Structure formats: C-alpha cells, structure tokens
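Participant: turn this into a structure:
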Amino acid sequence: MDSQHSKQSLTSSHQEGKMEINPLEILYFLWDHLWQIGLFALLGAIVCFGYDYFNFSPQYTAAAKVYVTPVSSDPMYNESTLSSGGTLISDCKELLLTRPVLEQAIVALGLEMDAQELAGMVEIMAPSGSRLLFIKVTGGDPVQVADIANQLAFLAETEIPSITNTQAPQVVEPALVPEIQSRPASVQKGIMGAAQGGILWCTVLLIWYFWKEYGYLLKRPQN
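Facilitator: Numbering: from 1, shown residues only. Here you go, the predicted structure:
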C-alpha cells in the first residue's frame, strides 16, 4: 500500500508546525514495510533456534514430595513453635543440602560428581503454610534426576529424625521419570526469537518514520 496518502494528509499539520499523529497512517507505513519485518522475524527465529539447539542440552526436572511431621519427644520442640516459625521446615531444607547428606546420595547412586555439583541440581521448596517439602532435581538425564529426588527423599526419612529429634518425614509422592523437558525447547526459543526480531525492526521503522515526518519540529527555533 502506497504511503503517498499519508504524506498528503500530513501537509497541513506540517505547515502549522503541529504534531498530529494518525494511527491509521502508521499502520499503512508498517504495511508497506511488512516484508522487512518478516525478514527480521525469520532471522531472529534462526539465530535463537540455532543458538539454543547447538549450545544447550535438554533439561528435565523430577520432584518428590515429603511431609514433615512437627512432633518431637523433646519438650523444647512443640507443634505451635515449629508451625508458627517454620523452624523444622527450614531445618529440613538446609539439612538435605549439607555435604554429608549429598555425599550419601552420590555413593548410593554411584554418581560421578561431587557434592557441590549435586547441590547445583537440587532445589528444596516449601510452599507457605504447608508442611510439604518439594525436592526438585534438574539435569540432562531424566532417569537420573528421578533417582536423585527419590534418594534424597529417602535420606530425609532416615537422616533428619536423628538430627532434629523429631518424627521421620513421610514420602507422600515419589518422583517419576519426566518425559517433557523443563527448559523451553528449541522450537519455542525460535518462536520467541521471531517475535523479538519483528518487534525490533518495527521499533526501528517507527523511529525512522517519526524522524522523517516530524524531525523538523525538533529543529525549529522556539518563539
């Protein structure tokens, strides 16, 4: 669609030195450059898809759920204290990420990594107001991450009671082998890249449009 119509309609406002923006004229202008927008969207998709495909391996996340029972034989630990402050829940989260516990998981599963590397794969979450611990493990091997999550859940049952002098947590939902990637796939990254490329070139075109049509107003001496 030709942009001659938009130029003619702006003549009177240019003569008066006023900036009157017509959204329809801007749409006509972008339509005239639609092929450029499409080209940059394609380039953005190719770059983002290729970068993600060749530089990142698929990532999977498995999660086990453990219920923490705040009951203890020690009079210093009582349910009101633990539930109000979340002391036991916080303790459990930290204990599961300690080096001795992680090293037990490494030995039990025969993992070829150290405790620090394993800690980087594990995330312990506790929803507010809940006594559930979500043991989430993320890595490139779906079977391995499920095994690690379940092993840590088992260690929560066996190790935490002896340290905190409380009842053993209970595994309420073991981790399953994930079938879907937890990180956005390369195709999704390509779609995001296409959107970003198109938006970027639209922004450049609009800057050029407003400078071409109204830039002279910025150079006019002020009365």
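Participant: every contact and neighbour count from this point should use C-alpha atoms.
Facilitator: Will do.
Participant: what ranges does the protein have for its helices?
Facilitator: Assignment of helices within the chain using DSSP state H yields the ranges 4-9, 11-16, 23-32, 34-55, 79-85, 87-95, 99-109, 115-121, 142-164, 186-219.
Participant: quick one, which of those helices is nearest to Val66?
Facilitator: Shortest separation from Val66 across these is recorded for helix 142-164, at 6.6 Å, computed as Cα to Cα.
Participant: please work out which residues outside that closest one touch it.
Facilitator: Contacting residues not belonging to helix 142-164 are listed as 60-66, 88, 92, 95-96, 101-102, 105, 109, 135-139, 166-171, 174-179 [Cα atoms under 8 Å, 6 or more residues apart in numbering].
Participant: equivalent analysis for stretch 97-106, please.
Facilitator: By Cα under 8 Å, 6+ apart, the surrounding residues in contact with stretch 97-106 are 95-96, 112-116, 118-119, 122, 148, 151-152, 155, 159.
Participant: can you list the buried residues in that stretch?
Facilitator: Within stretch 97-106, the residues scored as buried using 16 or more other Cα atoms under 10 Å are Leu97, Val101, Leu102, Glu103, Ala105, Ile106.
Participant: dump the helices of the chain to JSON lines, plus distance to Arg131.
Facilitator: Output for the helices of the chain, formatted as JSON lines (distance: least, Cα to Cα, whole Å):
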{"stretch": "helix 4-9", "distance to Arg131": "64"}
{"stretch": "helix 11-16", "distance to Arg131": "67"}
{"stretch": "helix 23-32", "distance to Arg131": "55"}
{"stretch": "helix 34-55", "distance to Arg131": "38"}
{"stretch": "helix 79-85", "distance to Arg131": "8"}
{"stretch": "helix 87-95", "distance to Arg131": "7"}
{"stretch": "helix 99-109", "distance to Arg131": "21"}
{"stretch": "helix 115-121", "distance to Arg131": "22"}
{"stretch": "helix 142-164", "distance to Arg131": "13"}
{"stretch": "helix 186-219", "distance to Arg131": "35"}
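Participant: any chance of the ones you listed in TSV, plus mean pLDDT and distance to Ser128?
Facilitator: Formatted as TSV, these follow (pLDDT from 0 to 100; distance: least, Cα to Cα, whole Å):
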stretch	mean pLDDT	distance to Ser128
helix 4-9	48	57
helix 11-16	46	59
helix 23-32	87	47
helix 34-55	88	35
helix 79-85	45	11
helix 87-95	79	10
helix 99-109	92	25
helix 115-121	91	22
helix 142-164	88	20
helix 186-219	82	32
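Participant: just name the most buried of these.
Facilitator: Among these, the stretch with the highest mean neighbour count (mean count of other Cα atoms under 10 Å) is helix 142-164, at a mean of 20.
Participant: now it: how far from the chain's centre is it?
Facilitator: Computed by Cα atoms, centre = their mean, to the nearest Å, the chain-centroid distance of helix 142-164 equals 26 Å.
Participant: and if you look at stretch 200-207?
Facilitator: Its chain's C-alpha centre and that of stretch 200-207 lie 27 Å apart, by Cα atoms, centre = their mean.
Participant: and for it, what's in contact with it?
Facilitator: Applying Cα under 8 Å, 6+ apart, the external contacts of stretch 200-207 come out as Ile26, Leu30, Gln36, Ile37, Phe40.
Participant: can you tell me how far Gly190 sits from Tyr209?
Facilitator: Noted for Gly190: a distance of 28 Å to Tyr209, by Cα to Cα, to the nearest Å.
Participant: kindly report the same for Leu39.
Facilitator: If you measure Leu39 against Tyr209 using Cα to Cα, the figure is 19 Å.
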